[in-house]
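*Asks:* quick check, what structure comes out for this input:
(one chain, ligands or ions: 3)
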Amino acid sequence: MSQFKKGTLMKITLSAIKADVGSIGGHTKPTTKMLNEARNCINKAIQEGLIADGLVTHTGDDIALLMSHTHGSDNHDIHQFAWKTFLRASDFAQECGCYGAGQDLLVSAPSGNVRGAGPGVAEITFEYNQKEPRPAESFMVFAADKCDPGAYNLPIYLAFADPMYCAGLMLPNMIRGFSFEIIDMSYRGEEQDKIIVLDAPEDNYKIAALLRDNERFGIKNIYSRTYGQQAVAISTDRLHLIAGKYTGKDDPIALVRNQGMFPAPEEIISPFAKAHFVGGNARGSHTMPLMPVPINTAASGIYCIPIVSALGFSLNKELKFSDFYVDFFDNPAWDLVRLKAQEKALEMRSQGWSGPAMLPYSELEYSGFKETITDLISKFSIKDRSYTKP
Ligand code: 13P
Ligand code: MG
Ligand code: MG
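*Replies:* Numbers count the residues shown, from 1 in each chain. Ligands and ions are numbered 1, 2, ... in the order given. As a prediction, this is how the structure comes out:
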């Protein structure tokens, strides 16, 4: 049944929700049984009319659920459905003895939506009638493993604020720029977030001043200043702040609408050719380059090199999108970038624990490294400058 008639304005929501609920032989990938169970749940939700369409993928050890529906963002039923789906998948992880079964399900049962409970959430609600200025809905989903939400700061800033990477910004429908909603990820309110809104291009230096700190500040949403429509949503939860200790990396998911009033996909993916250095990797404690990979790639590179996937979709009038999609990084054009990422990774790894190869203490203080360091610090003593070892 058609979800809407062409020309009738209707609010549509895209929800991308991801979680790590267990993986094979370390933090690598979920089992086929886990993914199949999540797919069964999605199919049932389509049959029951909760969602119009859905797709289950994995990037490294994280399962991503992508859904289209008409219930709006932060909807109780959609979020509870996602939570229960992850629980079902984690039962299978438990059964197979998988590592980290239920890893990202950090509370016993969230009463409302799953934000702040462990899973990463990116949602965009928009009005769609297949007419100008948005005759076709084209969007993409990025999913990253072994890194924090700040991993998207540089590439998404370059795509939405720098004409060196996105010449489309000079076109009439984008020349007024985009509003960046930036979140202070160190703040943890019960129901609130700490947000600043800055406008590109006039605030570009200020945006950069915040986004250079990948651990503390992250892009939460981006809006077109010409049309008021939302272009980007990124999951920005820091799991160690929810759990109070290191339980795994945040592994953010991002929804990005593209074409027409927004940058084109080729402009959005081009900054990922940098394979820029991000925080995360082995034990979530190191700095390594972000490597673009095809969807459903296991995380099995040296020292858990961070990986990112990018799928592109078109939404039809029945809100279906899952039958066909393009896998942007599954293309020989990205082989050179993967090689570059490996070279950068080996170079950084060659200095082991020294300096920028490992994350600063503020990031490590939630991990086991804290105990080793705290113990040593407690053994320091104040000595006279003339002291010599007895
Ligand atoms: P994940 O966050 O992907 O589970 O990885 C955790 C880790 O510590 C890998 O070394
Ligand atoms: Mg894991
Ligand atoms: Mg992961």
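*Asks:* all strands of the stretch 51-200 of the chain, in order?
*Replies:* Using DSSP state E, counting those that start in this stretch, the strands of the stretch 51-200 of the chain run over residues 53-59, 62-69, 120-128, 137-145, 178-184, 195-200.
*Asks:* what separates the closest residue to Arg216 other than its chain neighbours from Gly150, distance-wise?
*Replies:* Leaving aside its chain neighbours, Arg216 sits nearest to Ser186 (5.3 Å; criterion: CB to CB, 6 or more residues apart in numbering). Using the backbone N, CA and C atoms, a C-beta is placed for each residue, glycine as well. Using CB to CB, to the nearest Å, Ser186 is found at 12 Å from Gly150.
*Asks:* which one of those two is surrounded by more residues?
*Replies:* Taking Ser186 and Gly150 together and counting by other CB atoms under 10 Å, Gly150 has the greater number of neighbours (25 against 13).
*Asks:* show me the contacts for that one.
*Replies:* Taking CB atoms under 8 Å, 6 or more residues apart in numbering, we find Gly150 in contact with Met185, Leu211, Asp213, Asn214, Glu215, Arg216, Phe217, Gly218, Val278, Gly279.
*Asks:* from these, pick the one nearest Tyr325.
*Replies:* Checking those against Tyr325 by CB to CB gives Val278 as the nearest, at 25.0 Å.
*Asks:* what's opposite that closest one in the beta bridge?
*Replies:* According to DSSP bridges, the residues that bridge with Val278 are Met288.
*Asks:* that one against Pro289, yeah?
*Replies:* Yes. The pair Val278 / Pro289 is scored as a contact, 7.4 Å apart, by CB atoms under 8 Å.
*Asks:* list the residues that contact Gln192.
*Replies:* Taking CB under 8 Å, 6+ apart as the criterion, Gln192 is in contact with no other residue.
*Asks:* closest residue of the stretch 101-250 of the chain to ligand 2?
*Replies:* As assessed by CB to the ion, ligand 2 sits closest to Gly248 within the stretch 101-250 of the chain, at 4.7 Å.
*Asks:* relative to Leu315, how far out is that residue?
*Replies:* From Gly248 over to Leu315 the distance is 32 Å, taken as CB to CB.
*Asks:* more neighbours: those two, which one.
*Replies:* Comparing Gly248 with Leu315 by other CB under 10 Å, the one with more neighbours is Gly248, at 24 against 21.
*Asks:* what's the residue of the stretch 101-250 of the chain closest to ligand 2 sitting at in phi/psi?
*Replies:* phi 150, psi 160 (degrees, to the nearest 10).
*Asks:* burial of the nearest residue to it once chain neighbours are set aside, as a residue count?
*Replies:* Leaving aside its sequence neighbours, Gly248 sits nearest to Gln103 (CB to CB, 6+ apart; 5.0 Å). Around Gln103 there are 23 other residues, counting by other CB under 10 Å.
*Asks:* the one 3 residues further on now?
*Replies:* Other residues within reach of Leu106 by the criterion other CB under 10 Å amount to 20.
*Asks:* just use 23 as the starting number from now, easier for me
*Replies:* All right, first residue 23 from here; so that's Leu128.
*Asks:* in this structure it contacts Arg137, no?
*Replies:* No. The pair Leu128 and Arg137 fails to qualify as a contact (CB under 8 Å) at a distance of 11.7 Å.
*Asks:* any chance of the contacts of Gly172 in TSV, with pLDDT too?
*Replies:* Converted to TSV, the contacts of Gly172 look like this (pLDDT from 0 to 100):
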residue	pLDDT
Met207	96
Leu233	98
Asp235	97
Asn236	97
Glu237	95
Arg238	97
Phe239	98
Gly240	98
Val300	98
Gly301	97
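*Asks:* which one of the residues you listed is nearest Gly71?
*Replies:* The shortest approach to Gly71 among the contacts of Gly172 belongs to Gly240, at 34.4 Å (CB to CB).
*Asks:* quick check on that closest one: phi, psi?
*Replies:* Backbone torsions of Gly240, given as degrees, to the nearest 10, read phi -140, psi 150.
*Asks:* from Tyr174, how far off is it?
*Replies:* Remark: distance between Gly240 and Tyr174 (CB to CB) = 7 Å.
*Asks:* near ligand 3, which residues of this protein?
*Replies:* Asp42, Asp83, Asp84, Asp167, Asp273 (CB under 5 Å from the ion).
*Asks:* find the residues that touch each one of Val300 and Pro311.
*Replies:* By the contact definition CB under 8 Å, 6+ apart, Val300 and Pro311 are jointly contacted by Pro328.
*Asks:* if we check ligand 1, which of the residues of the chain next to ligand 3 are in contact?
*Replies:* With respect to ligand 1, and counting by CB under 6 Å from any ligand atom, the subset of those in contact is Asp42, Asp83, Asp167, Asp273.
*Asks:* pretty sure the third one sits against Ile329.
*Replies:* To tie it back to what came earlier, the one meant is Asp167. Yes. A contact is recorded between Asp167 and Ile329 when judged using CB under 8 Å, the distance being 5.2 Å.
*Asks:* any residues in contact with both of these two?
*Replies:* Taking CB under 8 Å, 6+ apart as the contact rule, the neighbours common to Asp167 and Ile329 are Thr81, Gly82, Ala321.
*Asks:* go through those and name the one nearest ligand 3.
*Replies:* Closest approach to ligand 3 among the shared contacts of Asp167 and Ile329 (CB to the ion): Gly82, at 5.0 Å.
*Asks:* what touches both of Gly240 and Tyr174?
*Replies:* By the contact definition CB under 8 Å, 6+ apart, Gly240 and Tyr174 are jointly contacted by Ile256, Pro274.
*Asks:* please, where are all the helices along the stretch 173-322 of the chain?
*Replies:* Counting by DSSP state H, counting those that start in this stretch, the stretch 173-322 of the chain has these helices, from start to end: 175-183, 226-233, 261-265, 287-291.
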